[in-house]
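In: the sequence isn't on hand, but the structure is:
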């Protein structure tokens, strides 16, 4: 499981989804549900592309609480 940050898209409406532990992995959707489904697919494709290129998959970064 990866942390996903959802941000309202103030220009076009809907939501933008970003995965901090996978720099460059973004998606969007008109609703939170659509953005969630789209980012899940984007994560799978992003990791598959890294693996196909023989590149390491960044680990999920854990947020540390003090």
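Out: Right, received. Where do you want to start? Since this is a predicted model, take the numbers as computed values, not measurements. Numbers count the residues shown, from 1 in each chain.

In: neighbouring contacts of stretch 44-56?
Out: Residues lying outside stretch 44-56 but in contact with it, judged by C-beta atoms under 8 Å, 6 or more residues apart in numbering, are 19, 22, 24-25, 57. Where C-beta positions appear, they are placed from N, C-alpha and C, glycine not excepted.

In: most widely separated two among those?
Out: Checking these against each other with C-beta to C-beta, the farthest-apart pair comes out as 24 and 57, at 13.1 Å.

In: now for the residue nearest the centre of the chain: which residues touch it?
Out: For the chain, the residue lying nearest the average C-alpha position, counting by C-alpha atoms, centre = their mean, turns out to be residue 19 (3.3 Å). By C-beta under 8 Å, 6+ apart, the residues touching residue 19 are 2-5, 25-26, 39, 42-43, 46.

In: gap between it and residue 37?
Out: According to C-beta to C-beta, to the nearest Å, residue 19 and residue 37 sit 14 Å apart.

In: tell me where this structure has helices.
Out: Listed in chain order, the helices of the chain (DSSP state H) span residues 32-52.

In: where in it is pLDDT low?
Out: Across the chain, the stretches falling below the confidence threshold (pLDDT under 70) are 62-66.

In: could you redo the last one with a cut-off of 50?
Out: Across the chain, the ranges flagged by pLDDT under 50 are 64-66.

In: next, count neighbours for residue 29.
Out: Residue 29 sits with 18 neighbouring residues when counted by other C-beta atoms under 10 Å.

In: the one 5 residues further on too?
Out: A total of 15 residues lie near residue 34 under the criterion other C-beta under 10 Å.

In: the residue nearest to the centre of the chain and residue 43, how far apart?
Out: Relative to residue 43, residue 19 is positioned 6 Å away (C-beta to C-beta).

In: residues shared between the contacts of those two?
Out: By the contact definition C-beta under 8 Å, 6+ apart, residue 19 and residue 43 are jointly contacted by 2, 25.

In: give me the more crowded residue out of residue 24 and residue 57.
Out: residue 57 (12 against 8).
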